[in-house]
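Here's my sequence, what's the structure:
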Amino acid sequence: MHMIRTGAAILAAFALAAPALADTITCESDGRERYCAANTRGGVYLSNQLSRNGCYQGDTWGYDGNGIWVSGGCRAEFQTGYSGNNWHGDNDYYSGQDRSKNNDGAAAAVAIGAILGAALIASAASNKKQQSGSTDYQSNWNNGCNAARQDKSRSMSRDYSRHGSSFNSRSEQAYSSGYSSCWSGR
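Numbers count the residues shown, from 1 in each chain. Sure, this is the predicted structure:
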């Protein structure tokens, strides 16, 4: 167990020291403008549209130095920072530029290290939850799932936070995970 903690701490420190890596942010509008705080220093792009309403940069979504905004019913997942072979970090793509300045390999190695570290931490946390409180987690997950099914059947937006009285800061992760899974039909 000590080895897992040490390894996780080293990987976490390594990941924090790395330049802005990709992060997925889900930002959803129910027709009104919504602002989602995010580290946009490395740029932003829409990776997965979740709404039937169109998401068009500069019209129904955009970003500034503090986050991402959506409006007009746009719901989407956005990638911030470094996210792939061609992502330059300033919303520009490599096109005949000096590719020697591209740090894809280093960023990929850091990303893999961060993923492995997160997996170790999640595994340790999962083992701890299974030992104490796993029924609480499952109960909160089920509550979130039931709320998502009801909201979806009523054609409401995909925003679990309207059910804030159903969870607290300790149970929010389980609730939101169940909500998200069941909304997606998993």
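
elements contacting whichever strand or helix holds residue 76?
Secondary structure assignment for residue 76, by DSSP states H and E: strand 75-80. Applying 3 or more C-beta pairs under 8 Å, 6 or more residues apart in numbering; DSSP states H and E, one finds that strand 75-80 contacts strand 23-28, strand 44-49, strand 61-64, strand 67-70. (Glycine included, C-beta is placed from N, CA and C.)

Going by neighbour count, list what's buried in it.
75, 76, 78, 79, 80 (16 or more other C-beta atoms under 10 Å).

Over to stretch 26-38?
Those would be 26, 27, 28, 29, 30, 34, 36, 38, for stretch 26-38 by 16+ other C-beta under 10 Å.

which of those are the two that sit furthest away from each other?
Maximum pairwise distance among the buried residues of stretch 26-38 (C-beta to C-beta): 18.9 Å, between 30 and 38.

All the helices of the chain, residue numbers only.
Secondary structure of the chain (DSSP state H): helices located at 2-17, 104-131, 134-153, 172-184.

Mean pLDDT lowest where, among these?
Lowest mean pLDDT within the helices of the chain: helix 2-17, a mean of 55.

quick revisit: switch the helices and strands packed on strand 75-80 over to a markdown table; also include distance to residue 158 and mean pLDDT.
Formatted as a markdown table, those follow (distance: least, C-beta to C-beta, whole Å; pLDDT from 0 to 100):
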| stretch | distance to residue 158 | mean pLDDT |
| --- | --- | --- |
| strand 23-28 | 6 | 92 |
| strand 44-49 | 12 | 92 |
| strand 61-64 | 16 | 93 |
| strand 67-70 | 12 | 94 |
